[in-house]
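**Student:** Predicted model and sequence below, questions to follow.
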Amino acid sequence: MPPGSLALLAQGAVVSLLLAAAAIVGGTLLAVLLATIAFARFAAVRAVYRVYVYVVRGTPLLVLALLLFYAMPALDLRTGPYIAGTLVLIVYTGALFAEVFRGGVLAIPRPQWESARSLGLPPLAMFRKIVAPLVTRYTLPPYVNVCVMSVKASSVLSIISVWELTLAAREIIERTFAVFTILGLAAAFYFVMCFGIDRLGRLLERHLALKGFAGERA
Amino acid sequence: MIAVRGLQKSFGTARVLRGIDLDIADGEVVALIGRSGCGKTTLLRCINFLEEYDTGEIRLDGEELWYRTTPGGARRRVSEAEARRMRQQMGIVFQQYNLFPHMTVLDNVLLGPRFAQRVSVAEAEALGRRLLARVGLEAKMSGYPAQLSGGQQQRVAIARALAMRPKVLLLDEITSALDPELVGEVEDVIRSLLSDRIMMVLVTHALGFAREVAHRIAYLADGAIVELGSPADILDRPKDPSLKEFLRRVR
């Protein structure tokens, strides 16, 4: 193995993880907002949600990344590839998370809504005490799915010169031609990160499992 | 007191309530009986505005609930905030208990007082403990709903409804989903509430229980109250042929 390449790959992995973390945190916040819009009282507002999801979900991440990268200087936002890359990841995962959350809200049984309504809970308490806890529990597996995907999706940003794990690997390969070793190592790094997120998700699932149900550790 | 006047409701072309008039006096217990689909549950749900209704009015202690008529004559729902305030004067208990599965028993009971009525934590907890003691479940306070039997869950649901200090308790077939041996413990809790003189409207198929706790029984058929009277009048001396037929089938 070319000397120093492992350290470079590790650095790239850290950047990838940071990008994914930003996508997860930013995307989650965006998705909560979007999912709220999805259940708005007015049809015009709900339509905003649908258009957003259709457009973002219906476009390749690669194309979105290029689009934003080239559009930002044109918009006089000279922020470089890192900001553009982070934004595009947030926009993308936001749409995916939003659909996950929307599904979770739809899964809340009608009697639960009625119980909460009959207590006269104000909207914020309804969200904090009923909707958020239930949706979190219902959607954890697909949510983790999108989290894992966002780690891998960050590799696309190498195309707009965001230096992360994939770009680090390509640079090393250009110097050393150790294609399979380096790509194999990069894949291993990605796998470890994704596996870690998976395990975290499982832990959280166990922690949040509704108590008292048979087979709660399925 | 509650006054229901001319309540009508349709689901599409099906008229489920065709002009209900019903008064419930303070401290009175009224049972609604009738075949399934007769509108008794819908009536109960209209009182708590879980269902909208098309015409008619419901008053609680003189205040008109759920709708306002503008000077122009248009009928409009009250604001969400108003509806929440009105709902806090009522407690409803459902057939399927509907406790919040992610909360402890105590938190289920505290939720309304804490977040809808803004009672302090200490006060709400004291109230919650007292009510859970009253339904005999103080020991299960930190358990979760799914760890309880159906009868126990239903008793928690009653405590949750009472925690709002409601003027009226609406009970929607609260023993229908229970195993027969668990019915008694829930009925006992309701019996124990009679001395509180809280208004109750109960939809039920348990005629024996209705006879025992209700001051009056209303028999509904096809979305209308066909016969209304004392338990003895309704159950022992029915006049309406369809009521006679209903009683014959139930017994």
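**Tutor:** Done, it's in. Numbering: from 1, shown residues only, chains lettered A, B, ... in the order given.

**Student:** Okay, buried residues for the one helix or strand residue A:11 maps to please.
**Tutor:** Using DSSP states H and E, residue A:11 falls within helix A:5-38. Neighbour-count burial for helix A:5-38 flags A:5, A:8-9, A:12-13, A:15-17, A:19-20, A:22-24, A:26-28, A:30-32, A:34-38 (criterion: 16 or more other CB atoms under 10 Å in any protein chain shown). (C-beta placed from N, C-alpha, C; glycine too.)

**Student:** Ok, stretch A:154-174 next?
**Tutor:** A:154-160, A:162-169, A:171-173.

**Student:** between the next helix-or-strand element following the helix holding residue A:11 and helix A:5-38, how big is the angle?
**Tutor:** With elements assigned by DSSP H and E, the helix or strand that comes after helix A:5-38 is helix A:43-57. Inter-element angle recorded for helix A:43-57 and helix A:5-38: 160 degrees (by axes from the mean of the first three to the mean of the last three CA atoms, to 10 degrees).

**Student:** Please name every helix or strand in contact with helix A:43-57.
**Tutor:** The contact analysis (3 or more CB pairs under 8 Å, 6 or more residues apart in numbering or on different chains; DSSP states H and E) places helix A:43-57 against helix A:5-38, helix A:80-107.

**Student:** what's it in contact with?
**Tutor:** The contact list for helix A:43-57 (CB atoms under 8 Å, 6 or more residues apart in numbering or on different chains) reads A:34-35, A:37-40, A:64, A:91-92, A:94-96, A:98-99.

**Student:** let's see it at 7 Å
**Tutor:** Applying CB atoms under 7 Å, 6 or more residues apart in numbering or on different chains, the external contacts of helix A:43-57 come out as A:34, A:37, A:38, A:40, A:91, A:92, A:95, A:98, A:99.

**Student:** same check, this time on stretch A:182-195
**Tutor:** With CB under 7 Å, 6+ apart, stretch A:182-195 has contacts from A:5, A:9, A:13, A:17, A:148, A:151, A:152, A:165, A:166, A:169, A:172, A:173.

**Student:** residue boundaries of the strands in the stretch 51-200 of chain B?
**Tutor:** Remark: strands assigned in the stretch 51-200 of chain B by DSSP state E, counting those that start in this stretch are B:55-60, B:63-64, B:67-69, B:75-77, B:90-93, B:168-172, B:199-203.

**Student:** Ok, which of these comes nearest residue A:200?
**Tutor:** strand B:90-93 (40.0 Å; CB to CB).

**Student:** hmm, back to that, put together CSV for the helices and strands packed on helix A:43-57, with mean pLDDT and distance to chain B on each row.
**Tutor:** As requested, the helices and strands packed on helix A:43-57 are exported to CSV (pLDDT from 0 to 100; distance: least, CB to the nearest CB, whole Å):
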stretch, mean pLDDT, distance to chain B
helix A:5-38, 94, 15
helix A:80-107, 92, 13
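
**Student:** Among those, which comes closest to residue A:58?
**Tutor:** Closest approach to residue A:58 among the helices and strands packed on helix A:43-57 is made by helix A:80-107 (9.5 Å; CB to CB).

**Student:** tell me which residues of the closest one are tucked away?
**Tutor:** Burial within helix A:80-107, assessed by neighbour count using 16+ other CB under 10 Å, is assigned to A:81-82, A:84-102, A:104-105.

**Student:** which residue does the stretch 51-200 of chain B bring closest to chain A?
**Tutor:** Going by CB to the nearest CB, chain A is nearest to residue B:146 of the stretch 51-200 of chain B, at 3.2 Å.

**Student:** wait, that residue sits on residue B:101?
**Tutor:** Yes. Look at residue B:146 against residue B:101 with CB atoms under 7 Å: they come within range, at 6.1 Å.

**Student:** between the two, which one's more packed in?
**Tutor:** Comparing residue B:146 with residue B:101 by other CB atoms under 10 Å in any protein chain shown, the one with more neighbours is residue B:101, at 18 against 14.

**Student:** Spatially nearest residue to the more buried one, not counting backbone neighbours?
**Tutor:** Leaving aside its chain neighbours, residue B:101 sits nearest to residue A:210 (4.9 Å; criterion: CB to CB, 6 or more residues apart in numbering or on different chains).

**Student:** Quickly find the element holding the one you found.
**Tutor:** Residue A:210 belongs to no helix or strand, assigned by DSSP H and E.

**Student:** Go ahead and confirm it touches residue A:136.
**Tutor:** No. In this structure, residue A:210 is not within contact of residue A:136 by CB under 7 Å, at 11.1 Å.

**Student:** what's the spacing between residue B:239 and residue A:131?
**Tutor:** Going from residue B:239 to residue A:131 by CB to CB, to the nearest Å gives 50 Å.
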